[in-house]
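Participant: Pasting the sequence and the predicted coordinates here, then a few questions.
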Amino acid sequence: MSRLILVDMDGPVVNYLPMWLDEYHRNGGEYVKPKQCEHYEMVHNVKNTGILYASLQYPLANAPPIKGAVDAILKLRKAGNHVVFLTAAPSLHCVRANELKLNWLRQVFGAPQDDFYISCPAHLKKYVYGDVLIEDNAQTIQEWKQRHTGDAILFKAPYAPTGVEWNAILELLLSDPVCPNFI
Ligand SMILES: [Mg+2]
């Protein structure tokens, strides 16, 4: 069964935070451990936001993919599914973010389908139509499920401990043509 699968890029596919904090430290910022940064609120936890923003370009271009993500997404595509990556709209502090993320996706996943990448503000993700949403923000999942009948899968993260990882997602989507709402 071919489905339109929306994949949240930031979290399920790549985690910029460790490499970003390394760069921040190397460029003259203070030493901050990833676990000291609450998700979505890291900017409030560091002293020099100028150095922090300047340190973002390198990880956007070079961060490694999440374990299992590349294999799973290529298998989902091969099975006839259409995979679209969703990502947060770039902040004014890093205007090259979309270009760098799109280049990264091309390098990691090969030639894109025409509409394989959507960049929108996080609070508007809930309006993007799909048969399946894979997302590490439980609130976005709830909001999306209020507007769509598709399946929403919570991806595991420190702030989403009840979520699942790519091996379980792959098993679910490849084996069950009608998967249950999975949260
Ligand atoms: Mg995310």
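Facilitator: That came through fine. Treat the numbers as computed from the prediction; the structure is a model and nothing was measured. Residues are numbered from 1 along each chain as shown.
Participant: C-alpha from now on. contacts and neighbour counts both.
Facilitator: Noted.
Participant: Which parts of this protein belong to which domain?
Facilitator: With domains defined by automatic domain parsing, the chain comprises 4-14+65-175, 17-55.
Participant: ok, the worst-scoring helix or strand of the chain on mean pLDDT near the ion or not?
Facilitator: In the chain, no helix or strand scores lower on mean pLDDT, DSSP states H and E than strand 117-120, which sits at a mean of 87. No. Using CA under 5 Å from the ion, no contact is recorded between strand 117-120 and the ion, whose separation bottoms out at 12.3 Å.
Participant: change the start of the numbering to 54 and stick with it
Facilitator: In the new numbering, first residue 54, that becomes strand 170-173.
Participant: sorry, back to before: check the domains of the chain for me: which has the lowest mean pLDDT.
Facilitator: Ranked by mean pLDDT, the domains of the chain bottom out at domain 70-108, with a mean of 85.
Participant: May I see the buried residues of that domain?
Facilitator: By 16 or more other CA atoms under 10 Å, the buried positions in domain 70-108 come out as 70, 72-78, 82-83, 85, 90, 95, 99, 102, 104-106, 108.
Participant: ok, back up a step: tell me the buried residues in the least confident helix or strand of the chain?
Facilitator: 170-172.
Participant: okay if I get those as CSV plus distance to Ser228?
Facilitator: As requested, the buried residues of strand 170-173 are arranged in CSV below (distance: CA to CA, whole Å):
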residue, distance to Ser228
Tyr170, 26
Ile171, 27
Ser172, 30
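Participant: quick check, nearest of those to Ala150?
Facilitator: Closest approach to Ala150 among the buried residues of strand 170-173 (CA to CA): Ser172, at 10.1 Å.
Participant: ok, now how distant is the closest one from Gln199?
Facilitator: Taking CA to CA, to the nearest Å as the measure, Ser172 falls 21 Å from Gln199.
Participant: before we move on, what about Val136?
Facilitator: In this view, Val136 and Gln199 are 22 Å apart by CA to CA.
Participant: Which residue of these two possesses the greater neighbour count?
Facilitator: Val136 (22 against 11; other CA atoms under 10 Å).
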